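Asks: Fold the stuff below for me.
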Amino acid sequence: MAEVKSVQSRRFAGTYADLLAGGPYSAAARFFLDELYSDKDFAQRDAQFSRIAGAIEKLLPAQAVETAVAMGELHAVTEELDQAMALAWLGQGDERLSLARRYILAWRDVGRRPDRENQLSVVMAMGEEMERLTRHPSLRMMLRMMRGPGAAAGLGSLQRFLESGFETFAAMAKSKGGATGFLKVIEARESLLIRLLFEGNLVACETELAGVLGQAL
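Replies: Modelled structure (predicted):
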């Protein structure tokens, strides 16, 4: 799992190296890398999601509920796919394979293309909801007021995620194109990657992925 997540984190960093380097989408790309595509341990946030289903509407502003639900759905699907990838990775047995080829072979062994496409759809929905949240000026204050109750309820990690997402998207909304432009870039590049990993010639796909991973070093 650690190796799979590491490759995925490096892949995202390479795919969006231009955005991460600076510009109006830099902070948003960093937020996605740190909060959605990171290889860090999200066990604490997982535990929070597993026990907030019945209480979330009482503990968070109504406008933030859909975002939290989308985040929970995304992370559950991601962990399930990563687990399947890890098992396929272990089953290869050939340590001489490059990281890029091992990843591609594991991806194709797992398959589940509809789940991969749905994973991207959930990311897009979550981003769109974050963008909508910024249209409610009072939400920033409401989220800040929730820090104490959220911490007392054991929702600190979720609270930080929502606040960070709100601040990131609010700042991006001030730029031309705003969040819509950023999300279009994400959707275009991730859709292309999904097609490449499922349909591309193995050698060409390996070369492309290796180059992307190299950009993240």
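Asks: so what's the residue positioned nearest the centre of the chain closest to, chain neighbours aside?
Replies: With distances taken as C-alpha atoms, centre = their mean, the residue of the chain nearest its centroid is residue 36 (2.5 Å). If the residues on either side of it in the chain are set aside, residue 36 comes closest to residue 123, at 6.7 Å by C-beta to C-beta, 6 or more residues apart in numbering. C-beta coordinates here come from the backbone N, C-alpha and C atoms, glycine included.
Asks: So in this structure, which helix runs the longest?
Replies: Ordering each helix of the chain by length in residues (DSSP state H) puts helix 62-92 first.
Asks: Distance from that helix to the middle of the chain?
Replies: 9 Å (C-alpha atoms, centre = their mean, to the nearest Å).
Asks: residues of it that come out buried?
Replies: 63-64, 66-75, 77-78, 81-82, 84-86, 88-89 (16 or more other C-beta atoms under 10 Å).
Asks: cool, and stretch 7-23?
Replies: Residues of stretch 7-23 classed as buried by neighbour count (16+ other C-beta under 10 Å): 7-16, 19-20.
Asks: farthest pair in the residues you listed?
Replies: Greatest spatial distance among the buried residues of stretch 7-23 (C-beta to C-beta): 7 and 19, at 19.5 Å.
Asks: What about the residue nearest to the centre of the chain? Give its phi and psi, please.
Replies: Per-residue torsions, residue 36: phi -120, psi -40 (degrees, to the nearest 10).
Asks: For residue 70, which non-adjacent residue is spatially closest?
Replies: residue 126 is the one closest to residue 70 (C-beta to C-beta, 6+ apart), at 4.0 Å.
Asks: What separation do you get for that neighbour and residue 212?
Replies: Distance of residue 126 to residue 212, given as C-beta to C-beta, to the nearest Å: 23 Å.
Asks: more neighbours, the two?
Replies: It is residue 126, of residue 126 and residue 212, that has more neighbours when counted by other C-beta atoms under 10 Å, with 22 against 19.
Asks: what angle separates the helix or strand encompassing that one from helix 62-92?
Replies: Using DSSP states H and E, the secondary-structure element containing residue 126 is helix 113-133. If you take axes from the mean of the first three to the mean of the last three C-alpha atoms, to 10 degrees, helix 113-133 sits at 150 degrees to helix 62-92.
Asks: before we move on, the earlier item: can you list the buried residues of stretch 7-23 in JSON lines and add secondary structure, distance to residue 112 and pLDDT?
Replies: Shown next, in JSON lines, are the buried residues of stretch 7-23 (DSSP: H, G, I helix; E, B strand; the rest coil; distance: C-beta to C-beta, whole Å; pLDDT from 0 to 100):
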{"residue": "7", "secondary structure": "helix", "distance to residue 112": "18", "pLDDT": "92"}
{"residue": "8", "secondary structure": "helix", "distance to residue 112": "15", "pLDDT": "91"}
{"residue": "9", "secondary structure": "helix", "distance to residue 112": "21", "pLDDT": "91"}
{"residue": "10", "secondary structure": "helix", "distance to residue 112": "22", "pLDDT": "92"}
{"residue": "11", "secondary structure": "helix", "distance to residue 112": "18", "pLDDT": "94"}
{"residue": "12", "secondary structure": "helix", "distance to residue 112": "19", "pLDDT": "92"}
{"residue": "13", "secondary structure": "helix", "distance to residue 112": "24", "pLDDT": "93"}
{"residue": "14", "secondary structure": "helix", "distance to residue 112": "24", "pLDDT": "94"}
{"residue": "15", "secondary structure": "helix", "distance to residue 112": "21", "pLDDT": "94"}
{"residue": "16", "secondary structure": "coil", "distance to residue 112": "24", "pLDDT": "94"}
{"residue": "19", "secondary structure": "helix", "distance to residue 112": "28", "pLDDT": "92"}
{"residue": "20", "secondary structure": "helix", "distance to residue 112": "28", "pLDDT": "93"}
